[in-house]
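In: structure, please.
(chains A, B, C, D and E, ligands or ions: 5)
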Amino acid sequence: LSGCGSNNSSSTAAGSSKAADSSAAASAEDSSTSKELSGKISTGGSTSMEAVIGALQEAFAETYPDVDITYDPTGSGAGITGATEGSLDIGLSSRDLKEDETGVTGTKIALDGISIIVNKDNPITDLSLEDLARIATGEVKNWSELGGNDAEIVFVGREAGSGTRDGFESIVGVEDKCVYSEELTATGAVIAKVQSNPNAIGYASLSAVDESVKTLTIDKVAPSEETVQDGSYAIQRPFVFVTKDGAEQSDAVKTFIEFATSKDADELIRAAGAVPLA
Amino acid sequence: MKSKSRVLKNGLRTTFVYVAAAITMAVLVGIIGYVLYKGVPELSWQLITSVPSVTKKVDGIFPYILNTLYVILLSLLIVLPLGVGAAVYLTEYARNKHLIRVIEFTTETLAGIPSIIYGLVGMLVFCQMLGFQSSLLAGCLTLVVMTLPTIIRTTQESLKAVPVSYREGALGLGATKWHIVRTIVLPSSADGIITGCILAVGRIVGESAALLFTAGFGKIVADTIFEAYSRSGATLSVALYMTAFEEGKFDVAWAIAALLLVIVLIINLAARAVRAKTRKKNK
Amino acid sequence: MNMETGNPIIQTKGLTLHYGEFEALKGIDMDILSQEITAFIGPSGCGKSTFLKTLNRMQDLVPGVRIDGEVTFHGKDIFAKDVDVTWLRKKIGMVFQKANPFPMSIYDNIAYGPRLHSHIKKAQMDEIVENALRGAALWDEVKDRLKKSALGLSGGQQQRLCIARAMAVEPEVILMDEPTSALDPASTMKIEELMTHLKKKYTVIIVTHNMQQAARISDKCAFFLVGELVEMGPTDRVFSTPKDKRTEDYITGRFG
Amino acid sequence: MNMETGNPIIQTKGLTLHYGEFEALKGIDMDILSQEITAFIGPSGCGKSTFLKTLNRMQDLVPGVRIDGEVTFHGKDIFAKDVDVTWLRKKIGMVFQKANPFPMSIYDNIAYGPRLHSHIKKAQMDEIVENALRGAALWDEVKDRLKKSALGLSGGQQQRLCIARAMAVEPEVILMDEPTSALDPASTMKIEELMTHLKKKYTVIIVTHNMQQAARISDKCAFFLVGELVEMGPTDRVFSTPKDKRTEDYITGRFG
Amino acid sequence: MRVKHLIEKVMNSIFFICGMVAIACVVLITIYMLVSGLPAIFEIGPIDFLFGTEWKSTAADPSYGILPFILTSMWGTAGATLIGVPVGLLTAVFLAKIAPKKLAAPVSAAVELLAGIPSVVYGLVGMLVLVPAVAQAFELSNGACLLSAILVLSIMILPNIISVSVTALNAVPKEYEEASLALGATTSETYFKVSVPAAKSGIAAGIVLGIGRAVGEAMAVMMVAGNVANMPGIFKSVTFLTTAVSKEMSYASGLQREALFSIALVLFIFIMIINGVLGAVLKRGNKHEK
Ligand SMILES: Nc1ncnc2c1ncn2[C@@H]1O[C@H](COP(=O)(O)OP(=O)(O)OP(=O)(O)O)[C@@H](O)[C@H]1O
Ligand SMILES: Nc1ncnc2c1ncn2[C@@H]1O[C@H](COP(=O)(O)OP(=O)(O)OP(=O)(O)O)[C@@H](O)[C@H]1O
Ligand SMILES: [Mg+2]
Ligand SMILES: [Mg+2]
Ligand SMILES: O=P([O-])([O-])[O-]
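Out: Ligands and ions are numbered 1, 2, ... in the order given. Now for the predicted structure:
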């Protein structure tokens, strides 16, 4: 039970190597056999993973048109619960499994940087992890204390239970200590908020951030595929497939997990804005 | 002649009325105008007919439109017989005054329950207990309960408006109750039932909180009707929530908002037309 | 007038009716002879309509009604368990004070009743409709607009349509509750004429406020007062030499 | 009766009124004398109510009305720019066909008018209410339930309440549009009695359908026909020797 | 004959069942709310739950006090009523009594449209237009606060209040108004001293209906209120009962999830009370008319 975390990484490693083989095999094989695969794969959970799942789903459907993949964006918590209860074939979580979440196995399929974003008009370009922590806990209240404008800091974040929030708070070390000015329930809402409020700072999935806001460098490191992959950009989290231990998996589910963890999926994951595993 | 304070009070009252009316109209014009101003330019045939795709980087709202239609269709299909049946029971069959009062009270109660509670109970009952998962079916069933009072009430009103003399006439010919209901009462109250449907459609189209927890957020065009109902799907309102607040695609969101506004407008006009027709007929 | 020709087709014995606590009919004994027109007269609220509606069990529908005593139709208790109410109402048709055609075509109004009771072919139905309309002296006026809504007819035409509709199910008795009170004199005339024709085939019972009308058309006349049947007999006799003082007072217009 | 005692308090000259295209009043000339009861009679639709409502400018409220000619009150044109309608209506009170007490307490009904026009202390208001109710012969019947809803009163009491309410603002003229037509004979009697008292203090104009009533209570009588004032004069004279053939026909019941 | 009776019986039962559906739904909803909501209340302790001022559902040492949500819902509803009712009522007077038909008809239609706009659209406009505007007007660093929620809610309840009040005002017998005018009242005096009081039970029903809607609204409020579990303050970022449930529900598990159902139960009880009041108001109004 305590080995849950290590369990994750080991299975991930195993999964990815195996997947590489089988997907290579699949593409080498006659496409008529692949068409025979059919069935339903129910996935659900993390909302941050929506784009990634969407991309995987679209590509998978091209090879296996008879496999029907569903996705419910109910949040990481619900994804893990769904997998545990067996109502989902694959639970989606944008955080590692916690110690008390037993009976399921997590398989990392990608990484996601958590970008720290501010309004475009904000002169600040870089923050240290410590500064970030001080902002989050409300220790620093004015941008001028960090060399910016004389304006109150508006710290916006996500609701309790969000994988993004969990990732941010645990890495920055401010769990349970954040003083939010506003809690929004979705990534897009955070970006919109930061875009419309000149004094706002927030965090959002790297995959979703666009030009409408400014992404800060953290300790001089900008989030990007490389920095996330090599770990030099600290604020990041995994995208995890959660499956129930000991449950009978259909061929379709197995093939999909293999496909998602294969090298073929990298391009798709990139297209969805996330970072493929190294 | 009028005292000064009386003149003043009169003036004040009148001013207040005009100011309030002006505020209301400003709000009306402001909201409707702003949504249309932001949304209409984004609305394109391309958007309406496309399926959104991450890999191809295509925005589209076609699945949402389709889902909305599916949800309307099945919900009405279930709620209509139930609601009309309940209304017929109340006006034609029920003899026990206490029972009638209890049913009417519960109907009022249903009408007052907020959608978030429908969402939760729908999730517990349909998605989890009955095992429908997040699916259009579960969403439809939740909406059935939500729109039941609307159908019951409008049908009941129009049933009451059917003259007793029609029923007496048919009874005098030896017709049974069900026959009278089928051949005379229901046909004469068709207008009211249609109005009820239109109002229900309005509620269904605008619903988001209840559907979010029960119907999920699929954006795929299903191959078969059966498949469509058995998997999750977003209606336009839910899609508006998701595209705006989850994906941050505000251009698409505004387009959906404008589309919704137009749909609501059409629904209202339809309801008005039916009402006007009924009024003319009653005269 | 042929007074004693018919046999009693409907008989009531000690018929008492309560609306809740209120006693609306107080032990009515009456014989109604077939092929006659019987008129019920009496001041408003005396129970004429109540009595009439009891005869074809339309009163069943009113909540809180209690009926005691006996009503027989062809000697058979109409309240017996095995009596089919729909059959009874087919046999004892009814026409109401306010003409109440259904909101459908003239044809469908007439066809409504026959369709209820048996499966009838189109050609046969056409015949039934025509006969009923002819019987109600309406055919010539409406034969070109059978498919038009019945609601487009004038008040008098509507009432005749209702009579035709009642006749189409081939009843033996037709009950009429003030059938002309909402009509103009010309339409009233037409319907009165019609009634005298009807009695060749049917037994007619009519409630009326109009003393002249009762005198003109009925064979028998029954005078009601606060739930009681005060007097009944051949119309001529009742109007010329009423036995009861109250009947006389009413007929001469001293109250009511 | 004292016929020529009063001075003209209201005068109309060539008063013409159109509802859109329809000419409802066709050049009415009339003098109404103070401290008299003037009755307007005429068949339905002849313009009595229209004329009455013009006198206190209640007609202003009807959209599409055009008024020509002159109406003076105490010699002053009531349509003049500087006339305050609320003052005019305070001076010329009105009682309607259907009793229309406000859905509030009896006390508040009476106090409504006075409160509008000036600020009155509680004790003084109590007095006003009592006087008005006494004036309308209602005090004894309601003095113990002043705080109860006026809607609980009987029809006749409600109408007297409306008269009391009109009196409470101290008008000079009271217009009454068929004030007793919806009442039973007993209540009508009470109100007729009341009116003869009223004329000691007020000028009363009453529209009535009831010829006997007009004869019983009015000093002057005006007969209208399709928007024209056919004849006006002392009531005795109009009823005994009408000058116009049409008046005679109407009074003797030949039409209307 | 037999067949006819059988059909009659069957149809009778079918309609009876349809009639029972509404009752069944209410019973089912009530049971589910109780069953899913009560356990957490007892686990947390009713006092701690209802009167606790701190909500930290995912903290290592979680606390589940929902007083901030309860108070925010009350404040928010009161505020929306305070703004929405006078504006709505006065607008209703305008539409029912003053406005020329040519103006009243389109405005009434637009009011109906306002009632039909989905809450998410209100949320969208609220977040992108209203919140920045509030921030600017009151020089706040962030406009997402109770005030913004109150404004959105007042607009959302406006159509309820207007349309019900217009109906009630139009139903006031003309005679009342004539009587008042004939006593020398001005039109405005007549409307406010006679028409509005005479329509008060209808208007009250509209207000209660509006309150019900305000208490139950989730999606629009979620976009503008800030959603932090603060005690209410007009310029503070706050969470309503509804948003407390909807915001965390998708991610919740364990006791947190159960506590969310408990919040929903509290909300449900609030709504039931409001419905009861509504029923009483309507019943009293009906009695009055008799
Ligand atoms: N459904 C009912 N419930 C209670 N009382 C009723 C009901 N129907 C009629 N009554 C009462 O029964 C009495 C007889 O009514 P009925 O209608 O038979 O009188 P009627 O002689 O037909 O009068 P009319 O000439 O006015 O039609 C009346 O006092 C009436 O108030
Ligand atoms: N608001 C209106 N618009 C158009 N025509 C009207 C209006 N009010 C009354 N009329 C018409 O003006 C004529 C006079 O109406 P008025 O009410 O004055 O008659 P009346 O003598 O009081 O009749 P009644 O005895 O029935 O009360 C009638 O033909 C009536 O139809
Ligand atoms: Mg009768
Ligand atoms: Mg009149
Ligand atoms: O939706 P989340 O990825 O933040 O759990």
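
In: would you state the strands of chain C in chain order?
Out: C:8-19, C:22-33, C:37-41, C:65-73, C:76-77, C:92-95, C:173-177, C:203-207, C:220-225, C:228-234 (DSSP state E).

In: reformat these as TSV; add mean pLDDT, distance to residue B:224 and mean neighbour count.
Out: (C-beta placed from N, C-alpha, C; glycine too.) Shown next, in TSV, are the strands of chain C (pLDDT from 0 to 100; distance: least, Cβ to Cβ, whole Å; neighbours: other Cβ atoms under 10 Å in any protein chain shown):
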stretch	mean pLDDT	distance to residue B:224	mean neighbour count
strand C:8-19	93	60	18
strand C:22-33	93	64	18
strand C:37-41	93	67	26
strand C:65-73	93	56	16
strand C:76-77	92	61	12
strand C:92-95	92	55	26
strand C:173-177	92	59	24
strand C:203-207	94	64	25
strand C:220-225	92	70	25
strand C:228-234	93	72	19
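
In: which one of the ones you listed lies closest to ligand 5?
Out: strand C:65-73 (66.3 Å; Cβ to the nearest ligand atom).

In: the closest one vs ligand 1: in contact?
Out: No. Strand C:65-73 lies out of reach of ligand 1 by Cβ under 6 Å from any ligand atom, never closer than 7.3 Å.

In: chain center to that strand, what's the gap?
Out: Its chain's average C-alpha position is 18 Å from that of strand C:65-73, according to Cα atoms, centre = their mean, to the nearest Å.

In: that one versus strand C:22-33: what angle between them?
Out: 10 degrees (axes from the mean of the first three to the mean of the last three Cα atoms, to 10 degrees).

In: show me what contacts the closest residue to ligand 1 within the stretch 1-150 of chain E?
Out: Scanning the stretch 1-150 of chain E for the residue nearest ligand 1 gives residue E:12, at 22.4 Å (criterion: Cβ to the nearest ligand atom). Residues near residue E:12 by Cβ atoms under 8 Å, 6 or more residues apart in numbering or on different chains: B:93, B:177-178.

In: closest to chain D among the residues you listed?
Out: The shortest approach to chain D among these belongs to residue B:93, at 35.6 Å (Cβ to the nearest Cβ).

In: not counting sequence-adjacent ones, nearest residue to that closest one?
Out: The shortest distance from residue B:93 to any residue other than its chain neighbours is 5.2 Å, reached at residue E:15 (Cβ to Cβ, 6 or more residues apart in numbering or on different chains).

In: cool, and residue A:196?
Out: Nearest to residue A:196 is residue E:132, by Cβ to Cβ, 6+ apart, at 5.4 Å.

In: so for the one helix or strand the one you found maps to, mean pLDDT?
Out: Assigned by DSSP states H and E, residue E:132 falls within helix E:131-137. Mean pLDDT, helix E:131-137: 92.

In: do any residues in the helix or strand that that helix is followed by lie close to chain B?
Out: Counting by DSSP H and E, the element after helix E:131-137 in chain order, helix or strand, is helix E:146-170. Yes. Counting by Cβ under 8 Å from any Cβ of the partner chain, contacts between helix E:146-170 and chain B involve E:155, E:158, E:162.

In: and helix E:146-170, which residues are buried?
Out: E:146-169 (16 or more other Cβ atoms under 10 Å in any protein chain shown).

In: now do stretch A:42-61
Out: So stretch A:42-61, judged by 16+ other Cβ under 10 Å, has buried residues A:42-60.

In: next up, phi/psi of the closest residue to residue A:52 other than its chain neighbours, please.
Out: Counting by Cβ to Cβ, 6+ apart, residue A:272 is the residue found nearest to residue A:52 once chain neighbours are left out, at 4.4 Å. Residue A:272 adopts backbone torsions of phi -80, psi 0, taken as degrees, to the nearest 10.

In: pull the contacting residues for residue A:272.
Out: Here residue A:272 is in contact with A:51-52, A:54-55, A:207, B:54-55 (Cβ under 8 Å, 6+ apart).

In: inside helices: which ones of those?
Out: Taking DSSP state H as the definition of helices, the contacts of residue A:272 contribute A:51-52, A:54-55.

In: tilt between the helix or strand containing residue E:262 and helix E:146-170?
Out: For residue E:262, the host element (DSSP H and E) is helix E:254-289. Using the same axes, to 10 degrees, the direction of helix E:254-289 lies 30 degrees away from that of helix E:146-170.

In: next, see if stretch A:202-221 gets close to chain E.
Out: No. On the criterion Cβ under 8 Å from any Cβ, stretch A:202-221 is out of touch with chain E, staying 11.3 Å away.

In: hmm, that stretch touching ligand 5?
Out: No. Against ligand 5, stretch A:202-221 shows no contacts by Cβ under 6 Å from any ligand atom, the least distance being 7.3 Å.

In: before we move on, the earlier item: surely the residue nearest to residue B:93 and residue B:91 touch.
Out: No. Residue E:15 lies out of contact with residue B:91 (Cβ atoms under 8 Å); the separation is 10.1 Å.

In: between those two, who's got more neighbours?
Out: Just comparing residue E:15 and residue B:91: by other Cβ atoms under 10 Å in any protein chain shown the higher neighbour count belongs to residue E:15, 23 against 19.

In: can you tell me the SS state at that one?
Out: helix (DSSP: H, G, I helix; E, B strand; the rest coil).

In: how far away is it from chain D?
Out: As defined by Cβ to the nearest Cβ, to the nearest Å, residue E:15 lies at a distance of 39 Å from chain D.

In: for the chain, which segments count as helices?
Out: Using chain A here. Under DSSP H, chain A gives helices at A:4-28, A:31-36, A:50-63, A:76-85, A:129-136, A:163-172, A:187-196, A:225-229, A:251-261, A:264-271.

In: try chain C instead
Out: According to DSSP H, the helices that chain C contains are C:48-55, C:85-91, C:106-117, C:122-135, C:139-142, C:155-168, C:185-198, C:211-217, C:235-240, C:245-251.

In: turn these into CSV, columns for distance to ligand 5.
Out: Formatted as CSV, those follow (distance: least, Cβ to the nearest ligand atom, whole Å):
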stretch, distance to ligand 5
helix C:48-55, 70
helix C:85-91, 65
helix C:106-117, 62
helix C:122-135, 67
helix C:139-142, 72
helix C:155-168, 69
helix C:185-198, 78
helix C:211-217, 84
helix C:235-240, 91
helix C:245-251, 88
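
In: where in chain E is pLDDT low?
Out: Where chain E drops to pLDDT under 70, the residues are E:1, E:285-290.

In: spatially central residue in chain B, please.
Out: By Cα atoms, centre = their mean, chain B has its centre lying nearest to residue B:203, at 2.3 Å.

In: spatially central residue for chain E, please.
Out: residue E:213 (1.8 Å).

In: over to the closest residue to ligand 1 within chain B: give its phi and psi.
Out: Per Cβ to the nearest ligand atom, residue B:164 is where chain B lies closest to ligand 1, at 11.4 Å. Reported as degrees, to the nearest 10, the phi and psi values for residue B:164 are phi -60, psi -30.
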